[in-house]
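**Q** sequence and computational prediction follow.
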Amino acid sequence: MKLAEFTTAASDYAAHVDALFALLSVISAVVVVVIAGLISFFMIRYHKGSRAPRGETPERSSREIEIGWTAATFFTFLFLFWWAASDQLAALATPKDALEIHVVAKQWMWRIQHPSGAREIDELHVPAHTNVRLIMTSQDVIHDLYLPALRLKQDILPDRYTYLSFNAIRTGVFHLTCAEFCGTDHSVMAGRLVVMTPEDYSRWNAAQPEGDDLAHQGETLFRSLGCSGCHTPGSTVHAPDLGGIYGSAVQLADGRTITADEAYLRDCILLPDKNRVAGFPPLMPNFSGFVSPGQVISLVAYIKSLSRQSADPGPGASP
Ligand code: HEC
Ligand SMILES: [Cu+2]
């Protein structure tokens, strides 16, 4: 990895991390200089044979100094904690209107799916000056996506979604790598982060055939896997209507109420026993082992698109 990766700050967040790092370096340098200076001073002053006074140590103590220096270090560390924590929390917040890109990690590659349906392997194309949200999962073991130029790192776990949000401000090609030892070829589980101008990004996406976006792929699967057989008004099975479900509050059979986010929808497909919906027979089949992580992503994208249509019924809204 070239050193440039660590000196280029490709996002505002990266600049914040660098500022914190610089402050920590300065504090460490001051501590090193003071301690090394005192050690040298005492070594020279009290070396064997020196004439420095070595009598009884005088009874001397100062409450002010004692309290002062304890308070100073305490507040310095409190301030550092506050600074680091507020940066971190800001990075964890879910940005509004983010471009959602799916990442599936597996031994030993990165599979990326864009909302347009465009797919890529070991390359992540993103537009600059745009809120991007990565929705990530693993197909096997724990991986970790590391984007040094953005100062971001996030574990990726099987059977669970983790997220990374960023807004890149610098176009260019940067490193993307796995930061969790994940087996023999871990060291080559690397790729490129390509930050393009928003115009270039839409042009890059336009190469994708029309109607092949994630939601449409999900719709096709929804029919071929038989989901539509139950989840259609008028079916013989009493199953919930999925239109408008994304983002809504769902009442569960065990009394809990849960917000239907991506993780909930994924769990409905792969772990239906976890969240049975109140008022329906527990007939939702378990699809784990029958659908790949990529297919789950498409299905969830399709269910999400149903909500967008019902919130904003326009021409072409589904019945
Ligand atoms: C055999 C009929 C049947 C099939 C096939 C089926 N489901 Fe379901 N599904 C249900 C029933 C019944 C429920 C509600 C009770 C429960 O949770 O088990 C449900 C619940 C759900 C929920 C939660 C809905 C809510 O209101 O919170 C989602 C999401 C879902 N199914 C998606 C799917 C997807 C995607 C497929 C296809 C991969 C699918 N279902 C296939 C019967 C079915
Ligand atoms: Cu890995």
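**A** That came through fine. Ligands and ions are numbered 1, 2, ... in the order given.
**Q** which strands or helices does the strand or helix carrying Val173 pack on?
**A** Secondary structure assignment for Val173, by DSSP states H and E: strand 172-178. Counting by 3 or more C-beta pairs under 8 Å, 6 or more residues apart in numbering; DSSP states H and E, the packing neighbours recorded for strand 172-178 are strand 143-147, strand 190-196. Using the backbone N, CA and C atoms, a C-beta is placed for each residue, glycine as well.
**Q** against ligand 2, how distant is Val141?
**A** When C-beta to the ion, to the nearest Å is the yardstick, Val141 and ligand 2 sit 7 Å from each other.
**Q** Ala105 belongs to a strand?
**A** Yes - Ala105: assigned to a strand according to DSSP: H, G, I helix; E, B strand; the rest coil.
**Q** could you give the bridge partners of it?
**A** Beta-bridge partners for Ala105, by DSSP bridges, are Trp110, Ser138.
**Q** pLDDT score for the residue located most distally from the centre of the chain?
**A** Distance to the chain centre peaks in the chain at Arg51, reaching 63.0 Å (criterion: C-alpha atoms, centre = their mean). The score at Arg51 is 83. That number is its pLDDT.
**Q** cool, the one 5 residues further on as well?
**A** Reading off the per-residue confidence, Glu56 sits at a pLDDT of 74.
**Q** change the start of the numbering to 13 and stick with it
**A** Yep, numbering from 13; the last one is Glu68 now.
**Q** after the helix-or-strand element of the chain with minimal mean pLDDT comes which helix or strand?
**A** Of all helical and strand segments in the chain, the minimum by mean pLDDT, DSSP states H and E falls on helix 16-19, at a mean of 68. Proceeding N to C from helix 16-19, the next assigned helix or strand is helix 24-57, under DSSP H and E.
**Q** what average pLDDT does that next one get?
**A** 93.
**Q** distance of Pro160 from Leu32?
**A** 16 Å (C-beta to C-beta, to the nearest Å).
**Q** who's more crowded, the two?
**A** Pro160 (21 against 16; other C-beta atoms under 10 Å).
**Q** from what I can see that one touches Phe186, true?
**A** Yes - applying C-beta atoms under 8 Å, one finds Pro160 in contact with Phe186, separated by 7.2 Å.
**Q** tell me the residues of the chain that contact ligand 2?
**A** The interface of the chain toward ligand 2, taken as C-beta under 5 Å from the ion, is made up of 155, 190, 194, 201.
**Q** where does the stretch 163-312 of the chain dip in pLDDT?
**A** Along the stretch 163-312 of the chain, the parts satisfying pLDDT under 70 run over 220-224.
**Q** other residues contacting stretch 306-319?
**A** 114, 116, 123, 125, 127, 147, 225-231, 233-234, 237, 239, 254-260, 274, 277-278, 281-282, 303, 330 (C-beta atoms under 8 Å, 6 or more residues apart in numbering).
**Q** any part of it near ligand 1?
**A** Yes - judged by C-beta under 6 Å from any ligand atom, stretch 306-319 comes into contact with ligand 1 at 311, 315.
**Q** what distance do you get for the residue nearest to Cys190 when sequence neighbours are not counted to Ala117?
**A** In space, and not counting its chain neighbours, Cys190 is closest to Met201: 3.9 Å by C-beta to C-beta, 6 or more residues apart in numbering. According to C-beta to C-beta, Met201 stands 8 Å off from Ala117.
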